[in-house]
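Chemist: What follows is a protein structure lacking sequence information:
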């Protein structure tokens with residue numbers, strides 16, 4: 001039996017047993033849309049005479065010291081993202097959501113908003129690392145999360161914000177800075193902003209977990225994979241590289257690792273779901 005025959009059989013068996021189907025996506029999916037990983041020289045940003053890496057900039061501590069330059073870096077990233085579009089993998093996940101309906105849930109580590117741009121519904125999408133296109137008060141005078149205005153800087157190594165940009169990025173309630181609505185490297189997951197408990201509960205209840213383009217370098221996705229496997233869920237890992245989740249899948253009695261790109265594998269999975277379940281009766285609603 002070929003790999004794809006085994007996977008279709010696994011999906012058929014899983015769907016016949018009932019239970020939620022959970023997708024977990026990471027940076028590998030967005031990389032196929034041209035979202036840079038900010039490694040190597042492209043990952044550096046200059047503040048004064050010092051060059052910073054993303055893991056240094058994307059922290060609560062650094063924002064506390066230099067909020068303006070850190071915001072400038074984030075706005076430059078948003079400008080880069082503005083030139084990207086969802087790829088066939090994003091669209092396939094939308095198609096799978098349409099077919100599965102209430103049985104579907106998407107958990108994404110990606111902050112770029114490409115899932116929503118492709119058509120994934122807000123009610124079925126948990127962005128566990130936040131969204132780079134949103135902001136909230138750094139001083140937490142309110143827990144409200146709101147969209148960012150169109151402050152996309154041209155890509156470039158310029159840490160200086162204009163007075164107008166600073167005004168847009170200042171909380172009108174308390175005068176503090178707004179901050180990007182993203183999980184920083186020196187912060188912890190929570191339910192209020194990053195759906196921690198909802199994601200953990202979904203992993204515990206899932207009958208099938210499909211992991212796409214993530215290496216397992218952060219805590220919550222690792223917990224989700226391990227919990228789903230312990231609960232007996234079927235595990236499908238899609239990644240051209242062998243990583244943590246390939247091992248999780250292959251150690252499971254009901255797991256498979258698909259060593260190819262998301263853009264190649266996910267449309268095949270979407271077609272399998274359509275064959276097994278049938279076409280969705282209604283358009284997807286947000």
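Modeler: Sure thing, it's come through. In this text, all values refer to a predicted model and were calculated from it rather than measured experimentally.
Chemist: When you work out contacts or count neighbours from here on, use the C-alpha atoms and nothing else.
Modeler: OK.
Chemist: Counting by contacts, list what the helix or strand harbouring residue 269 packs against.
Modeler: Assigning secondary structure by DSSP states H and E places residue 269 in helix 262-277. Here helix 262-277 is seen to pack against helix 3-16, helix 27-31, helix 88-100 when contacts are counted using 3 or more C-alpha pairs under 8 Å, 6 or more residues apart in numbering; DSSP states H and E.
Chemist: Save those as a markdown table, and put in distance to residue 205, mean pLDDT and mean neighbour count too.
Modeler: As requested, these are arranged in a markdown table below (distance: least, C-alpha to C-alpha, whole Å; pLDDT from 0 to 100; neighbours: other C-alpha atoms under 10 Å):
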| stretch | distance to residue 205 | mean pLDDT | mean neighbour count |
| --- | --- | --- | --- |
| helix 3-16 | 13 | 95 | 16 |
| helix 27-31 | 24 | 94 | 22 |
| helix 88-100 | 16 | 98 | 23 |
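Chemist: Could you dump these into TSV with distance to residue 112 added?
Modeler: Conversion of those to TSV gives the following (distance: least, C-alpha to C-alpha, whole Å):
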stretch	distance to residue 112
helix 3-16	29
helix 27-31	8
helix 88-100	12
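Chemist: Quick one, which of the ones you listed gets closest to residue 273.
Modeler: helix 88-100 (6.8 Å; C-alpha to C-alpha).
Chemist: List the buried residues of the helix holding residue 269.
Modeler: Judged by neighbour count using 16 or more other C-alpha atoms under 10 Å, the buried positions of helix 262-277 are 262-263, 265-274.
Chemist: do stretch 66-79 as well
Modeler: With the criterion 16+ other C-alpha under 10 Å, stretch 66-79 contains buried residues 67-79.
Chemist: Let me see the ranges of the helices in the stretch 51-200 of the chain.
Modeler: Listed in chain order, the helices of the stretch 51-200 of the chain (DSSP state H, counting those that start in this stretch) span 54-57, 60-65, 67-81, 88-100, 114-118, 163-168, 191-194, 196-205.
Chemist: Save those helices as TSV, and put in distance to residue 3 too.
Modeler: Converted to TSV, the helices of the stretch 51-200 of the chain look like this (distance: least, C-alpha to C-alpha, whole Å):
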stretch	distance to residue 3
helix 54-57	37
helix 60-65	44
helix 67-81	35
helix 88-100	19
helix 114-118	27
helix 163-168	52
helix 191-194	35
helix 196-205	24
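Chemist: Those helices: which one's closest to residue 278?
Modeler: Of all the helices of the stretch 51-200 of the chain, the one in closest proximity to residue 278, counting by C-alpha to C-alpha, is helix 88-100 (7.1 Å).
Chemist: now the angle from the closest one to helix 3-16?
Modeler: Note on geometry: by axes from the mean of the first three to the mean of the last three C-alpha atoms, to 10 degrees, helix 88-100 and helix 3-16 are set 30 degrees apart in direction.
Chemist: could you check the angle helix 262-277 makes with helix 88-100?
Modeler: Computed with the same axes, to 10 degrees, the direction of helix 88-100 lies at 20 degrees from that of helix 262-277.
Chemist: What lies in contact with helix 88-100?
Modeler: With contact meaning C-alpha atoms under 8 Å, 6 or more residues apart in numbering, helix 88-100 is reached by 29, 104-105, 114-115, 118-120, 262-267, 269-270, 273-274, 277-280, 282-284.
Chemist: again with stretch 124-131
Modeler: Residues beyond stretch 124-131 that count as contacts (C-alpha under 8 Å, 6+ apart) turn out to be 104-113, 180-183, 189, 193-196, 199.
Chemist: Over to stretch 179-192?
Modeler: Applying C-alpha under 8 Å, 6+ apart, the set of residues contacting stretch 179-192 is 55, 58-61, 71, 74, 111, 128-138, 145, 169, 194-198, 220.
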